[in-house]
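Enquirer: Output the structure for:
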Amino acid sequence: MKPVRHEEYDGGKRERELPTTWSDGCFVLGESFPTQRPPPKLPNMWAIIREPCDDNIIRSGSTTAPCAKARGRWILAATILASSMAFIDGTVVNVALPALQTNLNATAVDAQWVIEAYSLLLSAFLLVGGSLGDHYGRRRIFLLGVILFAIASAASGLAGNIGQLIAARAFQGFGAALLVPGSLAIISGSFSEQERGRAIGTWSGLSAITTGIGPVLGGWLIEHVSWRAVFFINLPLALLIILISLRHVGENFDGENSRVDWVGASLAVIGLGSLVYGLIESSQVGFSDRKVVIVLIASAVLLIAFCFVETRVGHPMLPLALFRSRIFAGTNLLTLLLYAALGGTLFFLPLNLIQVQQYPPTAAGAALLPFILIMSLLSRWSGGLVTHYGAKLPLVIGPLVAALGYALLIVPGVGGSYWINFFPGIVFLGLGMAITVAPLTTTMMSSVSANRAGIASGVNNAVARTAGLIAIAVLGIVMLQVFKSELDRHVSELRLPSSTVSSLRAQSNKLAAIAVPQSRGREAEQAIRRSIHESFVSGFRTLMTIGAVLAVASAITALVLVRGPDV
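Expert: As a prediction, the model looks like this:
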C-alpha cells in the first residue's frame, strides 16, 4: 500500500499519495508542491547575487535524504563556498575592468568580452550542468566544476594579454555552469523535507554575506595588491571545497532524468556566441560590414535550428512547450526585459565610478551595497506580497520603482557626492527589484505543474543570464556610438591640432580609459580629460534612459500577461 497524507484544501478534504525515492540506500518519503498553489515564499533572493529561481531549483529537486545527517553543516559549507565563489566572479570582475584596461591595454570591446565570455558559457551550459549531475553523479560533476573553475581562475590571474584572459574567463564560465546547479542539487538531495527549509535559509543568508562583501574585497585587492589577486583568491577556496566535499558530501544520481541534450547546448553556445560577436563587432565596423552580416545571419540560423531541435528531442534542454502557458511566457519576458536593464547597469556603473568619478576601487565595490542590503532585508516581506495583493500588482509596481531608480541615475554629471548623485538611484533600483523578484519567482513557478518546477526554474534562471549577456553587447554599441559622437563635438570646440584629434579618435574604443596626449600643457590636458568624462556621462545617461524604458516595458508586460489577483 502506497503512503498517503490526509489534508484539507479549499474547504474540503483529500488524500494525496506521497512519492517515494531511493538515495544512498535509504527509502524515504518525498513531497512535492500541489499544482494549484504557489510554492512557499522564498527566504532570500538578490538579483545582483543570483538570478531568479536559484532557490526554487533546490526546492524542486528530487526529495531525498542521506542516512547520516551529521554531515549537513559540512555540506552547507561546501555548497555555500562554491556558490559564493561563482556568484562573486560574476560581479567582482566588473570592478576590475578599469584596471584591466590600463594594465592589459584593453579596449571597451575587450572589456565587454571579459564579462561576456564568462556569461556566455554559464548561460548556455547551466541547464546541461544539472543534467550531467543527474547522469554521472551530482557530487562528481560539482567537484569537476570546482576544479575547472579553479584552473580557469589561475589562468585568468596569470594571463599575459587580454586574449588569454578572455579565453580563461570562458573556461571559468563553463566550470561555474557545472558547480552552480551541482551545489543546488546537492542541497536538495542531502536534506529531508523538514530540514530543507532551514538549509535553504542558511545557504541563502551566508551566500548573501559572502557575495555582498565580494565586490568590496575585490576592490580592496585591486587597489592594494593587483587585479590578478581577484582571481587567485579562488584557489584556496576551491581547495577547501574539494577537501570538504570528498570527506563529507555523499554521491547521488537521478536515473529518471539522466539524458544530456548536447546538440541543444552546442547550438545554444554557437548561436548565442555568434550573436554576441556580431553585435560587439558591429560597434567598431558597423552593421553593413560583410563579416558582421554573415555572423548575424549564421546566429539566426543556429538559434532557429536550436528551437527546432528542442521540439524534436525526447529530453530537451529548453522545453518550449512550457511557453504555451501565458503566465510562464509573460514572467519570462518580464525577466528578459528587467534583467537586460540590470545587466547593462552593473557593467557600466563601475566604469563610471572609477574612471570618470575617480572613486577608488574599494569605494566603487561598496557603491552597490545599498542595493544588496535592500534586496536582503525586504526579501521575506516581498515574498508575502502575492498572498496579500495577488501577483499583478507587485509585478507592475516593482519594475516602475526600478524605472524611477534608472531615471535618478540619469541625473549625475562629473563630480559631486555619491550620497546625492548615485545613492538615491541605487536605493530605488534595489527597492524595485526587491518588490519584483520573489513575486516573479512565485508566479512563474505556480504557472507550471509541480513535476516541471525544476526545469521551469532553470529556464527562468537561464533567461535572466542570457538577458544580461545580450544587453551588454547591445548597450555597448549604444555607449560607443554616443561616446564617439560627443567626443567629436567636444574636441571640435577645443580647436586641437589634427594630430591630437587623430590620437583621441583612434583611442575612442577605450571610452574613458583614453590616454590623453601630454604635449599640450596642463590646462589643455585637463580640458581634454573633461571632454572625455562628459562624453562618457552622455553615453551613461543614454543607457540609464534605455534601462528605464525596459523597466517600464516589463511593468506593461506584467499588466497584460499576468492575471490577477489570483495566479
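
Enquirer: any low-confidence regions in the stretch 1-150 of the chain?
Expert: 1-70 (pLDDT under 70).

Enquirer: mind listing the helices in the stretch 451-567 of the chain by residue range?
Expert: Secondary structure of the stretch 451-567 of the chain (DSSP state H, counting those that start in this stretch): helices located at 453-494, 498-506, 522-561.

Enquirer: With adjacent residues omitted, what lies nearest to the residue minimising distance to the centre of the chain?
Expert: The centroid of the chain falls nearest to residue 465 when counting by CA atoms, centre = their mean (4.7 Å). Nearest residue to residue 465 in three dimensions, chain neighbours excluded: residue 123, at 4.1 Å (CB to CB, 6 or more residues apart in numbering). Every residue, glycine included, has its C-beta placed from N, CA and C.

Enquirer: which SSE is the one you found in?
Expert: helix 108-136 (DSSP states H and E).

Enquirer: For that helix, list every residue counted as buried.
Expert: Buried residues in helix 108-136, counted by 16 or more other CB atoms under 10 Å: 108-135.

Enquirer: okay, the angle between that helix and helix 453-494?
Expert: Comparing the axes of helix 108-136 and helix 453-494 via axes from the mean of the first three to the mean of the last three CA atoms, to 10 degrees yields an angle of 170 degrees.

Enquirer: what's the spacing between helix 108-136 and its chain's center?
Expert: Its chain's C-alpha centre and that of helix 108-136 lie 10 Å apart, by CA atoms, centre = their mean, to the nearest Å.

Enquirer: Check which element follows it along the chain.
Expert: Following helix 108-136 in sequence, per DSSP H and E, is helix 138-158.

Enquirer: give me the low-pLDDT residue ranges for the protein?
Expert: Looking at the chain by pLDDT under 70, you get 1-70, 193-194, 196-197, 200-201, 203-209, 211, 253-259, 450-454, 519-520, 564-567.

Enquirer: sorry, back to before: what residues are up against the residue nearest to residue 465?
Expert: 272, 462, 465-466, 469 (CB atoms under 8 Å, 6 or more residues apart in numbering).

Enquirer: Residue 410 now?
Expert: By CB under 8 Å, 6+ apart, residue 410 lies in contact with 541, 544-545, 548.

Enquirer: tell me which of these is nearest to residue 241?
Expert: Using CB to CB, residue 544 is the member of the contacts of residue 410 that lies nearest residue 241, at 38.0 Å.

Enquirer: Could you tell me how many residues sit around residue 88?
Expert: As a burial measure, residue 88 scores 24 neighbours (other CB atoms under 10 Å).

Enquirer: which ones are touching residue 263?
Expert: Residue 263 neighbours (CB under 8 Å, 6+ apart): 309, 313.

Enquirer: Confirm that it lies within a helix, as I assumed.
Expert: Yes: assessed with DSSP: H, G, I helix; E, B strand; the rest coil, residue 263 lies in a helix.

Enquirer: Quick check: which element contains residue 86?
Expert: Per DSSP H and E, residue 86 falls inside helix 72-103.

Enquirer: Let me see the contact set for residue 181.
Expert: 57, 126-127, 129-130, 133, 458.

Enquirer: got those residues as CSV, with distance to residue 229 columns?
Expert: Converted to CSV, the contacts of residue 181 look like this (distance: CB to CB, whole Å):
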residue, distance to residue 229
57, 31
126, 27
127, 33
129, 28
130, 32
133, 31
458, 33
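
Enquirer: The helices of the stretch 451-567 of the chain into a markdown table, with extra columns for distance to residue 151?
Expert: Formatted as a markdown table, the helices of the stretch 451-567 of the chain follow (distance: least, CB to CB, whole Å):
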| stretch | distance to residue 151 |
| --- | --- |
| helix 453-494 | 22 |
| helix 498-506 | 37 |
| helix 522-561 | 35 |
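
Enquirer: Which one, of those, ends up nearest to residue 336?
Expert: Proximity to residue 336 (CB to CB) singles out helix 453-494 among these, at 4.7 Å.

Enquirer: which secondary structure elements does that closest one contact?
Expert: helix 54-59, helix 108-136, helix 262-285, helix 326-351, helix 423-446, helix 498-506, helix 522-561 (3 or more CB pairs under 8 Å, 6 or more residues apart in numbering; DSSP states H and E).

Enquirer: and the angle from that helix to helix 522-561?
Expert: 150 degrees.
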